[in-house]
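*Asks:* For reference, the sequence and a predicted model appear below.
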Amino acid sequence: MTHASHTHQGHGTHQDHGTQHGHGTHLGRVPSAEGIAPSRNGLPGWLEPVARAAETVQPLQLSRFLPPADGAGRQSAVLILFGEGERGPELLLMERASSLRSHAGQPSFPGGALDPEDGDPETDGPLRAALREAEEETGLDPSGVQLFGVLPRLYIPVSSFVVTPVLGWWRRPTPVDAVDPAETARVFTVPVADLTDPANRATAVHPSGHRGPAFLVESALVWGFTAGIIDRILHYAGWELPWDREKQVPLDWRA
């Protein structure tokens, strides 16, 4: 299945512990760049708590996995895209193809490694990469996306990716779907109300002993890096509801 029931069709207006990556960016953030600078102008009121949190959150408040101090790791970016759908505020996710070598079958944000044409990794490179990857993977029109914030850089030890999470508002939605079935199984949106619903929340437990937040939404189990970011956004935006952290979802070694 390559299309979920809540996939956009243009409606509405809608973690190994490291140390701070130190290349002169404040708190690991990418500074604004001319032409693609994030802007909060015209954001819907419900997104303001997310924009405010993005300006003050510290790296260790998001994850204990921070980029290596020696600059190692592959620079990458993800697009955390908020839209407005039939059930209110929602988030765009995609499910990686089960045949991929890395993170196979996992729901994730659109994103990937920076290419040389994206520009300087220390300025607007991650912003351009997030939009480019989202277009390549989901087919969305990046001109309809307003970037409004950037979270501190984080690290995914299993793949050695240094990830810049880029926040976007889908002010002009366009149809999306899996562009390349060899890489993407499906593209779907999840209402924020489903992500905050305590009934849809659990703790994922990997055989390695790692534990982290998980969401059971849209016939998918969202866990790992993606779930960790969503969990922290819900928390610092003030959207989190009390949920049962003892409710566990076991993962297998292939995860």
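*Replies:* Structure received.
*Asks:* which residues sit in contact with residue 118?
*Replies:* Listed by CB atoms under 8 Å, 6 or more residues apart in numbering, the contact set of residue 118 reads 124, 125, 126, 128, 129, 132. Just so you know, the C-beta spots here come from the backbone N, C-alpha and C atoms, and that holds for glycine as well.
*Asks:* Narrow those to those in helices?
*Replies:* Residues of the contacts of residue 118 located in helices (DSSP state H): 125, 126, 128, 129, 132.
*Asks:* How much space separates the second one from residue 84?
*Replies:* It stands for residue 126. 25 Å (CB to CB, to the nearest Å).
*Asks:* ok, those two, which is more surrounded?
*Replies:* More crowded of residue 126 and residue 84, by other CB atoms under 10 Å: residue 126, with 30 against 21.
*Asks:* so where's the longest strand in the chain?
*Replies:* As assigned by DSSP state E, the longest strand anywhere in the chain is strand 74-85.
*Asks:* after it comes which helix or strand?
*Replies:* The first helix or strand that comes after strand 74-85 along the chain, using DSSP states H and E, is strand 88-96.
*Asks:* and the angle for that following strand with strand 74-85?
*Replies:* Going by axes from the mean of the first three to the mean of the last three CA atoms, to 10 degrees, strand 88-96 is angled at 140 degrees with respect to strand 74-85.
*Asks:* Which stretches in the stretch 151-255 of the chain count as strands?
*Replies:* Ranges of strands in the stretch 151-255 of the chain, per DSSP state E, counting those that start in this stretch, are 154-156, 161-170, 184-191, 201-205, 211-217, 220-222, 248-250.
*Asks:* Show me the contact partners of the fifth one.
*Replies:* Contacts made with strand 211-217 from outside it, assessed by CB under 8 Å, 6+ apart, are listed as 15, 190, 194-195, 200-205, 221-224, 227-228, 230-231, 249.
*Asks:* pLDDT of it, averaged?
*Replies:* Confidence for strand 211-217, expressed as mean pLDDT, is 96.
*Asks:* and if you look at stretch 56-72?
*Replies:* The pLDDT scores in stretch 56-72 average 93.
*Asks:* List the buried residues of that stretch.
*Replies:* Neighbour counts over stretch 56-72 (16 or more other CB atoms under 10 Å) mark 57, 59, 62, 63, 65, 66, 67, 68 as buried.
*Asks:* repeat for stretch 146-160
*Replies:* Quick answer for stretch 146-160 (16+ other CB under 10 Å): 146, 147, 148, 149, 150, 151, 152, 153, 154, 155, 156.
*Asks:* got it, and stretch 171-188?
*Replies:* By 16+ other CB under 10 Å, the buried positions in stretch 171-188 come out as 171, 173, 174, 176, 177, 178, 179, 184, 185, 186, 187, 188.
*Asks:* What's the end-to-end length of it?
*Replies:* For stretch 171-188, the first-to-last residue distance is 17 Å (CA to CA, to the nearest Å).
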